[in-house]
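Student: Predicted structure and sequence below. I'll ask about it afterward.
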Amino acid sequence: MTDFGAIDALLAAAKKEVLLPPAAERRSLREGLHLSRAQLAQALGVGPSTVGGWESGRDPGGEVREKYAYFLEGARTKLAAEAEAADATAGSEPGGGEPGDGEPGDGEPAEAGQSAAPHAADGQDDVLADPQPCVLCGQLARHQVEGFPQHLDPAECGTAGPAQPPQPVPPAGPQQPAPVERPPGVGKPLPAVQPGRVPGVKVVPVGRRAQAASETPDLIGAAVTAALAEHAGDVEAATAALVKRAIPDAMALLDHTRKGGRYDVVAHPWLPDILRKQSARGADHVWEARPKWTRPHLPAGRHEVTALDINGAYLSALKTHLPLGQLEHTTGSPHDRRRAGLHLITPPVWDHEAVLPNPVGNRDEPGPLWVTEPTLRLLLRLSGPKYGLCDPPEIHESWTSGATEGLLEKFRIALKDARDRAIAEGDEVTLEYVKAMYSKFVSTLGESNYNRELYRTDWMHLIRSQAFANLWWKAHRAYDHGLMAVRAMGTDELHVTGDWRAVFPEGRGVTEVKVKDVYTVGTGPSTCAEPSEGTS
């Protein structure tokens, strides 16, 4: 028999999703209350970039959707009430007539002799909750006029000094230039710094302000300390716990390094079809130019080959040109270096496969293909007058947005510094934790259930391609210095013959390489052959 009670309960629990206002209104409601994304995100239990995604058109679901809708409705009600109160106050104030009614209008100057310091009659001054430095004298003021902290009473302002006695009129003669008045502190000689001495407090930028470096929180160090304490010093257990939480911790570090950033990032943009997978387990249309190259021929003789491991390949690749906003489509346009994204190109013919890998990677099918910004810039550079290794690629169409190379730079530097300290101190826990943070950050930028903060498949492709381009330049550097490049694979493996230590510094740092393997190829006496073809 049908369980009608279960059906009734199901019907009672079913409800429509609460409606949300358009994306532009969501942002205006938050900004109308002078709330930051971080403040709203903390109240809702999400990340600031998630709020940014909602304000760009992506909708939340479940319980957080109801909370977000409750905030938006409350913000709308509060702003409407404030607007009504402001209208009522403006209508009841004296002197609120049109210009020409005996009060200075918007287009009329004040009468001569009328003081311009007190703005209370104009309704332009506000009482500050916390006193701020006056823009005129630098002393603390309790009011702001048209958005600038100022003293309303000139007697309180530090710029109003004691009255000066009248000065005698100098006799007529050659006119001297009037002394230039400078604000306090301007024009004073700079304090001398002794050679070799550095000021005692190092400062770093935090938004608009400077802050002592010692006050900057060490999120990575704090997380490692807490994990070791939680697991009673068990290194393996602490490392496993840190690696497991690497993605949310990386996003928290990114949010921290983005405070006061110059650019707003669209965290969940609309994506063109070329970035959508063709099947559930398939790939999208973007070609990342992953190298998998082996030199086809070696000179006769026996060759000792060293397989070099490129340290921190993905960490270095975070420095690349990334699009900030939603990708926009263009056709038949020349390359704009101020933008970045994806490009449909016909790659040039590569005639140097015998000594250097193809910058486009191993590709069997001819014709146009979608490549990323790093691949296109690599081809354009190699086709330029400095190298002249190929013809310029033909650009058919592009999906790009305004871009910057320094978007993730503070994030990258924070990870690099933590990695360097961990290597110097032999701290393998921090080393594995940092490696998991940047590698998983890159791998989960696309369609991943592990990272809901950022959904930038284009960034994932661009960062990977930058790592491949960096490896290509390592191969070219080896060749340019007389080594013989034998293999180039993935992002971090380059095989060479010759004195590679004269070309690449050895070590574990990001700018260094380490030996992965040493082996011999060929028979007979050892041969140190020069490359057979010039490319410079």
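Tutor: Arrived safely. Please read these numbers as outputs of a predicted model, since none were measured by experiment.
Student: pretty sure E373 is in contact with I345, am I right?
Tutor: No - assessed by Cβ atoms under 8 Å, E373 is found out of contact with I345, at 11.4 Å. C-beta here means a position set from N, CA and C on the backbone, and glycine is covered the same way.
Student: Between the two, which is the more surrounded one?
Tutor: E373 (27 against 23; other Cβ atoms under 10 Å).
Student: mind listing what that one touches?
Tutor: Counting by Cβ atoms under 8 Å, 6 or more residues apart in numbering, E373 touches 320-321, 340-343, 400, 403, 462, 465.
Student: rerun that using 10 Å as the cut-off
Tutor: By Cβ atoms under 10 Å, 6 or more residues apart in numbering, E373 lies in contact with 320-323, 335, 337, 339-343, 398, 400, 403, 458, 461-462, 465-466, 469.
Student: And for V496?
Tutor: Shown in contact with V496 (Cβ under 10 Å, 6+ apart): 305-308, 474-475, 478-479, 481, 483-488, 503-504, 513.
Student: how close does E353 sit to R295?
Tutor: Distance of E353 to R295, computed by Cβ to Cβ, to the nearest Å: 9 Å.
Student: Of the two, which one has the most company?
Tutor: Higher neighbour count among E353 and R295: R295, with 19 against 11, using other Cβ under 10 Å.
Student: so who does the more buried one touch?
Tutor: 353-357, 484-488, 495, 497, 521, 531.
Student: Make TSV from those residues and add distance to K386, pLDDT and secondary structure to it.
Tutor: Below are these laid out as TSV (distance: Cβ to Cβ, whole Å; pLDDT from 0 to 100; DSSP: H, G, I helix; E, B strand; the rest coil):
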residue	distance to K386	pLDDT	secondary structure
E353	21	92	coil
A354	22	94	coil
V355	18	94	coil
L356	15	95	coil
P357	19	95	coil
M484	23	95	strand
A485	20	96	strand
V486	25	95	strand
R487	26	96	strand
A488	21	96	strand
H495	26	97	strand
T497	26	95	strand
V521	32	92	strand
P531	19	41	coil
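Student: Which of the residues you listed sits closest to M437?
Tutor: A488 (26.4 Å; Cβ to Cβ).
Student: Where helices are concerned, which of the contacts of E373 count?
Tutor: Members of these lying in helices (criterion: DSSP state H): 458, 461-462, 465-466, 469.
Student: is it true that V127 lies in a helix?
Tutor: No - counting by DSSP: H, G, I helix; E, B strand; the rest coil, V127 is not found in a helix; it is strand.
Student: and it, how many neighbours does it have?
Tutor: Using other Cβ under 10 Å, V127 has 7 neighbouring residues.
Student: and what of the one 5 residues further on?
Tutor: Q132 is flanked by 15 other residues according to other Cβ under 10 Å.
Student: mind listing what Q42 touches?
Tutor: Counted by Cβ under 10 Å, 6+ apart, Q42 has contacts 36, 48, 51.
Student: which among the ones in helices among the contacts of E373 end up buried?
Tutor: Among these, those classed as buried by neighbour count (16 or more other Cβ atoms under 10 Å) are 458, 461-462, 465-466, 469.
Student: Residue for residue, what is the longest strand this protein has?
Tutor: strand 394-404 (DSSP state E).
Student: ok, and for that one, which residues are buried?
Tutor: Neighbour-count burial for strand 394-404 flags 395, 397-401, 403-404 (criterion: 16+ other Cβ under 10 Å).
Student: Just put those in JSON lines and tack on pLDDT and distance to I274.
Tutor: Compiled in JSON lines, the buried residues of strand 394-404 are given as follows (pLDDT from 0 to 100; distance: Cβ to Cβ, whole Å):
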{"residue": "I395", "pLDDT": "95", "distance to I274": "15"}
{"residue": "E397", "pLDDT": "95", "distance to I274": "10"}
{"residue": "S398", "pLDDT": "96", "distance to I274": "11"}
{"residue": "W399", "pLDDT": "95", "distance to I274": "7"}
{"residue": "T400", "pLDDT": "95", "distance to I274": "12"}
{"residue": "S401", "pLDDT": "94", "distance to I274": "14"}
{"residue": "A403", "pLDDT": "93", "distance to I274": "18"}
{"residue": "T404", "pLDDT": "93", "distance to I274": "23"}
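Student: closest to P217 among those?
Tutor: Using Cβ to Cβ, T404 is the member of the buried residues of strand 394-404 that sits closest to P217, with 25.0 Å.
Student: Might one say that that closest one is in contact with Y263?
Tutor: Yes - assessed by Cβ atoms under 10 Å, T404 is found in contact with Y263 at 6.1 Å.
Student: Need the residues touching each of those two.
Tutor: 322, 324.
Student: returning to that earlier point: narrow the contacts of Q42 to those that are buried.
Tutor: If we count by 16+ other Cβ under 10 Å, those have these buried: 48, 51.
Student: returning to what we had before: joint contacts of E373 and I345?
Tutor: By Cβ under 10 Å, 6+ apart, E373 and I345 have these common neighbours: 335, 398.
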